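1. Okay, predicted coordinates and the sequence, questions at the end:
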Amino acid sequence: MISSEGVEALFTRADGSYLFARWGRPIVPVVFGTDDKTLEIVKGAVEAVVMMAGHQMAETDPELGVNLMFFFFREWDELLEVPDMDRMIPDLGPLVARLKAAEANQYRIFRFDEAGAIKASFVFLRMDDQLSKVPADTLALAQVAQTILLWSDTAFTDRSVLAQAGEGQVILRPDIGAVIRAGYDPVMPAVAQDASHALRLSARLGQM
């Protein structure tokens, strides 16, 4: 099981600040730029992770309509052609330029409510040669797991959010699943900026 220091590291950002946030409303996903089969795989992954977390999904968000958006595409410039995308993502042009320069193949953006809980997320996946080789169910599970909480920007740089469970089978890492369930414990806050929160999370891991 992951140590309390390990839990703290999952939410400690590169600048040293601690920030935890979970979704404060039911999740309503939508998928753009892929076929029906992949769409069902992504939505199935959302349902599985949300259920594991003990959170909820809904048919529509009263404020936004949908609040978890997945975009599959080949080149970052395609985002500039999506109607109203520049209204949803401020400074879209400079962002696309930075992602192209970094040769990034994925990027996630979060939006927060007045209390600081997650109210929306955008998941961008540029299907380059690397991502195109990843099975759709593996890719979907990894992206949903990284969107269900506001993890540190360095949380999964050295180790994947997923683990091998057998030949050809990939699952969510059990320790990460336990952290997600602890994070959604009703007695825990939806937002935390003090590292003592990690101790509270850690204390619940054995109960998850």
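-> That came through fine. Numbering: from 1, shown residues only.
2. Can you report how many residues neighbour the nearest residue to Tyr18 once chain neighbours are set aside?
-> Distances taken as C-beta to C-beta, 6 or more residues apart in numbering place Ala195 nearest to Tyr18, at 4.4 Å, with adjacent residues excluded. C-betas here are computed from N, CA, C, even on glycine. For Ala195, the number of neighbouring residues by other C-beta atoms under 10 Å comes to 18.
3. pLDDT wise, what is Ala195 at?
-> As predicted, Ala195 sits at a pLDDT of 96.
4. That one: what's it in contact with?
-> When the contact criterion is C-beta atoms under 8 Å, 6 or more residues apart in numbering, the partners of Ala195 are Glu8, Thr12, Tyr18.
5. Return the subset of those residues lying in strands.
-> For the contacts of Ala195, not one is inside strands, with DSSP state E as the criterion.
6. in the chain, which spans are helices?
-> Under the criterion DSSP state H, helices of the chain are mapped to 4-10, 36-53, 85-88, 92-101, 129-132, 136-145, 174-183, 196-204.
7. returning to that earlier point: from the contacts of Ala195, pick the one nearest Ala163.
-> The shortest approach to Ala163 among the contacts of Ala195 belongs to Glu8, at 21.0 Å (C-beta to C-beta).
8. Can you give me the neighbour number for that closest one?
-> The local packing count at Glu8 equals 19, with neighbours defined by other C-beta under 10 Å.
9. and what of Asp15?
-> By the criterion of other C-beta under 10 Å, Asp15 has 7 neighbours.
10. Could you measure from the closest residue to Ile171 other than its chain neighbours over to Ser17?
-> Spatially, and ignoring its direct neighbours in sequence, Ile171 is nearest to Ala165 (4.4 Å; C-beta to C-beta, 6+ apart). When C-beta to C-beta, to the nearest Å is applied, the distance between Ala165 and Ser17 equals 34 Å.
11. Let me know the outermost residue of the chain.
-> Using C-alpha atoms, centre = their mean, the residue of the chain lying farthest from its centre is Glu167. It sits 25.7 Å away.
12. Just want the most central residue of the protein.
-> Short answer for the chain (C-alpha atoms, centre = their mean): Thr147, at 1.2 Å.
13. my guess is it contacts Ile109, does it?
-> No: in this structure, Thr147 sits apart from Ile109 without contact. The criterion is C-beta atoms under 8 Å, and the distance is 10.1 Å.
14. Mutual contacts of these two, please.
-> Ser121.
15. Point out the other helices and strands that the longest strand seen in the chain packs with.
-> In the chain, taking DSSP E as the definition, the longest strand is strand 118-126. The helices and strands touching strand 118-126, judged by 3 or more C-beta pairs under 8 Å, 6 or more residues apart in numbering; DSSP states H and E, are strand 68-73, strand 106-112, helix 136-145.
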